[in-house]
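J.: When you get a sec, could you give me coordinates for this:
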Amino acid sequence: MPSAKDTFDRTMKRAFTQIELYKRLSNVKFKKEPKKIPKKDLSELVRAALVLGISAFDAYFTNKFVEKLIPYLRKHGPTDGMVKIFEQAGLDTRTALELIPKDRNERPYRRLRTLVDQHLERYVTQKFKVVDELFCVMGLKNLSRNAEKKAGRKKLQRSIEIAVDRRHAVVHNGDLNSHGNLCNIDYREIKKRFDEVVLFVEKCDEIINSRVT
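T.: Numbering: from 1, shown residues only. Purely as a prediction, here's the structure:
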């Protein structure tokens, strides 16, 4: 199974590829009319890339949490915050008893990880506060702020928030303005936001790997 970071990298690569495709198709000339694909039509590639890129950002944190869950439990046992997440995931007394292995071949930790993984599929981590609260249960405080400091970028979080807000505008409102017209989208800006998403996740990954063991 690929790691959370590997999955993020591969998905972000697809998002960057869509932006490059937009650039290439913008310069293609045809012999027949229309001689060029309208920029308005091509811009949907950039919107699709934006949705894909922010999805990669969201998935990384939930996948990383699940990835670190079992090693952390084996070494430290459950924290109060972790117990709360287990309860939210449906780990009641009956479920806990069902996790007791009936023979040596059964793996209760794997079943526990699956339970939490299914719960976190509904866990939206596009807000930094939510990300910080999630990893705080493993004793890792202020993950977002520390990643920003490690990157040496004071406005890194704000830049990503702008990309997340634009993604919401695309997904929830079709990227239309108050008059019902399609908003302009600049592929160069989206690529810049993606670069900052990648930087932020890289620093988070370094911190998590070094401090959650």
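J.: What distance do you get for residue 16 to residue 210?
T.: 27 Å (C-beta to C-beta, to the nearest Å). Where you see a C-beta, it was placed from the backbone N, CA and C, and this is true even at glycine.
J.: Next one: the closest residue to residue 29 other than its chain neighbours relative to residue 24, how far apart?
T.: Of all residues not flanking residue 29 in the chain, residue 35 sits nearest, at 5.5 Å (C-beta to C-beta, 6 or more residues apart in numbering). Residue 35 is 16 Å from residue 24, where distance means C-beta to C-beta.
J.: One more: residue 72?
T.: Taken as C-beta to C-beta, the span from residue 72 to residue 24 is 45 Å.
J.: For residue 24, grab the count of nearby residues.
T.: Residues contacting residue 24 under the criterion other C-beta atoms under 10 Å number 10.
J.: Residue 34 now?
T.: Residue 34 has 9 nearby residues by other C-beta under 10 Å.
J.: With residue 118 instead?
T.: Neighbours around residue 118, by other C-beta under 10 Å: 12.
J.: Look at it and give its secondary structure.
T.: Using DSSP: H, G, I helix; E, B strand; the rest coil, the structure places residue 118 in helix.
J.: how far away is it from residue 58?
T.: Relative to residue 58, and taking C-beta to C-beta, residue 118 is found at 16 Å.
J.: Equivalent analysis for residue 47, please.
T.: Distance of residue 47 to residue 58, computed by C-beta to C-beta: 17 Å.
J.: ok, now residue 28?
T.: 33 Å.
J.: go on, residue 191?
T.: Residue 191 is 19 Å from residue 58, by C-beta to C-beta.
J.: Same question for residue 178.
T.: Taken as C-beta to C-beta, the span from residue 178 to residue 58 is 27 Å.
J.: More neighbours: which of the two?
T.: The residue with more neighbours, out of residue 178 and residue 58, is residue 58; 20 against 6, by other C-beta under 10 Å.
J.: per-residue confidence for the more buried one?
T.: With respect to pLDDT, residue 58 scores 89.
J.: Is it in contact with residue 126, as I believe?
T.: Yes. Using C-beta atoms under 8 Å, residue 58 is in contact with residue 126, at 5.1 Å.
J.: joint contacts of those two?
T.: In terms of C-beta atoms under 8 Å, 6 or more residues apart in numbering, residue 58 and residue 126 are not both contacted by any residue.
J.: immediately after the helix or strand containing residue 131, which helix or strand?
T.: Here residue 131 sits within helix 128-136, counting by DSSP states H and E. Scanning forward in sequence from helix 128-136 by DSSP H and E, the next helix or strand is helix 143-151.
J.: what angle sits between that following helix and helix 128-136?
T.: 100 degrees (axes from the mean of the first three to the mean of the last three C-alpha atoms, to 10 degrees).
J.: What helices and strands are in contact with helix 143-151?
T.: Packing partners of helix 143-151 (3 or more C-beta pairs under 8 Å, 6 or more residues apart in numbering; DSSP states H and E): helix 128-136, helix 156-173, helix 187-211.
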